[in-house]
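Asks: What follows is a predicted protein model with its sequence.
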Amino acid sequence: MCGLLCKLAAWARKKSPWIFHLPAGGLCNGCDIEIVAALTPRYDVERFGILLAPSPRHADILVVAGQVTKHTRERLLRVYQQVPEPKVVVAVGSCAISGNVFGTENYPLAGTVDQFIPVDVYVPGCPPKPEAIILGIVEAIKKLEEKTRKS
Amino acid sequence: MKVNILKEAVKYFVKPATVPFPAVQPHFPKKFRGPPRYDPETCIGCEACARVCPSDAITVTIKDGKKILEVWFGKCTFCARCEEACPVGSIKLMEIYGMPSPNKFDFVSRVEHDMVKCRICGKYFATVKHVEWIIKNIREKIGETVSISELKNYLMICPECRHKVENIPSLKKLLMRVLVKEVK
Ligand code: SF4
Ligand code: SF4
Ligand code: SF4
């Protein structure tokens, strides 16, 4: 029933995806700084229409950095549920991918991001270059398009 | 120092501050540390890189007479200790950034080696290239006085057999022969 409107929404989502940046707790903040660097005028992701959303309810792409700690596990799941469908998750940095030097059997840590929520794109690096993060988000936009088509 | 800052500040009035990223290649500062990669030609399979890695990003698998070294830079912290420890300069941190991928096990560089058997117990214990490299180095140090087969006799024994009491006298004799030849 929502033919034209849905098409319009899909087009808008593809042309201007909003991202929500979530540090998952177990990290050194290096990746956060690089994600913020990707948003600054130097790299300026807004020229691609990518915008930092103030709330997960407005976001299409969830950018997670760092390992999940026991305290942030609940919050991560809650934030993930708040992002409206269709949504994609980008895991940034070695910590989010595998735990890095902190390992996985450390007492405050609950596990890597992909043990709790489905991750669509991984960006390797410690921290990744802002260029790599931009490419990761571009990859995520492609995934978003696929998911939109399916839903 | 101050002049540099001023120069940097003035630059923003002359040209745009934004890096036109996909159009131009990114700038890599000096000594940039990117993902580690093996050079399968030069690697001798000595495992030094795997032992020093602080995040256990390098795994060693020994299977069917093959030693497989894998560096997964999804777990790497880009400290370059492996590059420092490598005796032949085989593993290197590249001047590239890691490409994002939907599969986290894409971020792997691997190298495979044939292994040699211990001549006493028949267990695989070192790679062929490693033994060759040690022989080459010894011969460089003490000259061509010792034959390769004699050195091989001594080197083709695994550490466990080398420490077994019943093997020590004969090995000692062999080692003495090698050392005496060196003195001459
Ligand atoms: S991946 Fe490296 S830079 Fe990023 S949060 Fe972990 S330790 Fe820090
Ligand atoms: S750079 Fe450091 S963490 Fe990465 S593989 Fe080498 S030793 Fe391990
Ligand atoms: S030669 Fe270098 S790269 Fe190969 S196993 Fe030894 S330390 Fe690692």
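Replies: Right, received. Where do you want to start? Ligands and ions are numbered 1, 2, ... in the order given.

Asks: which residues touch B:P54?
Replies: A:V101, B:T77, B:C79, B:R81 (Cβ atoms under 8 Å, 6 or more residues apart in numbering or on different chains). Yep, even glycine has a C-beta here, placed from its N, CA and C like the rest.

Asks: again, but for A:P124
Replies: Counted by Cβ under 8 Å, 6+ apart, A:P124 has contacts A:93-94, A:97, A:132, B:35, B:73-74, B:76, B:98-101, B:107.

Asks: export the contacts of B:P54 to a markdown table and tack on neighbour count?
Replies: Shown next, in a markdown table, are the contacts of B:P54 (neighbours: other Cβ atoms under 10 Å in any protein chain shown):
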| residue | neighbour count |
| --- | --- |
| A:V101 | 18 |
| B:T77 | 22 |
| B:C79 | 18 |
| B:R81 | 16 |
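
Asks: and of those, the nearest to B:A50?
Replies: Taking Cβ to Cβ as the measure, B:A50 lies nearest B:R81 of those, at 10.9 Å.

Asks: Which pLDDT value belongs to the closest one?
Replies: On pLDDT, B:R81 comes in at 92.

Asks: Single out whichever of the contacts of A:P124 has the smallest pLDDT.
Replies: Lowest pLDDT among those: B:G98, 81.

Asks: related to what we said a few turns ago, now, the contacts of B:P54 that are in helices?
Replies: Mapping those onto helices (DSSP state H) picks out B:R81.

Asks: so A:V89 makes contact with A:V113?
Replies: Yes. At 7.5 Å, A:V89 and A:V113 qualify as touching, with contact defined as Cβ atoms under 8 Å.

Asks: For these two, indicate the residue with more neighbours.
Replies: A:V113 (30 against 22; other Cβ atoms under 10 Å in any protein chain shown).

Asks: was I right about the more buried one contacting A:A91?
Replies: Yes. Between A:V113 and A:A91 there is a contact under Cβ under 8 Å: 4.9 Å.

Asks: which neighbours do these two share?
Replies: Each of A:V64, A:I97, A:V119 lies in contact with both A:V113 and A:A91 under the rule Cβ under 8 Å, 6+ apart.

Asks: could the residues you listed be laid out in CSV, adding secondary structure?
Replies: Compiled in CSV, the shared contacts of A:V113 and A:A91 are given as follows (DSSP: H, G, I helix; E, B strand; the rest coil):
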residue, secondary structure
A:V64, strand
A:I97, helix
A:V119, coil
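
Asks: and B:L69, what does it touch?
Replies: B:38, B:43, B:45, B:47, B:49-50, B:58-60, B:110-113 are the contacts of B:L69 under Cβ under 8 Å, 6+ apart.

Asks: Out of those, which is nearest to ligand 1?
Replies: B:I58 (17.2 Å; Cβ to the nearest ligand atom).

Asks: ok, which of the contacts of B:P54 also contact ligand 2?
Replies: B:T77, B:C79, B:R81 (Cβ under 6 Å from any ligand atom).

Asks: Just give the closest residue to the last one, not the sequence neighbours.
Replies: Right, the one you point to is B:R81. B:V52 (4.7 Å; Cβ to Cβ, 6 or more residues apart in numbering or on different chains).

Asks: and what of the second one?
Replies: On the basis of Cβ to Cβ, 6+ apart, the spatially nearest residue to B:C79 that is not a chain neighbour turns out to be B:P54, at 6.4 Å.
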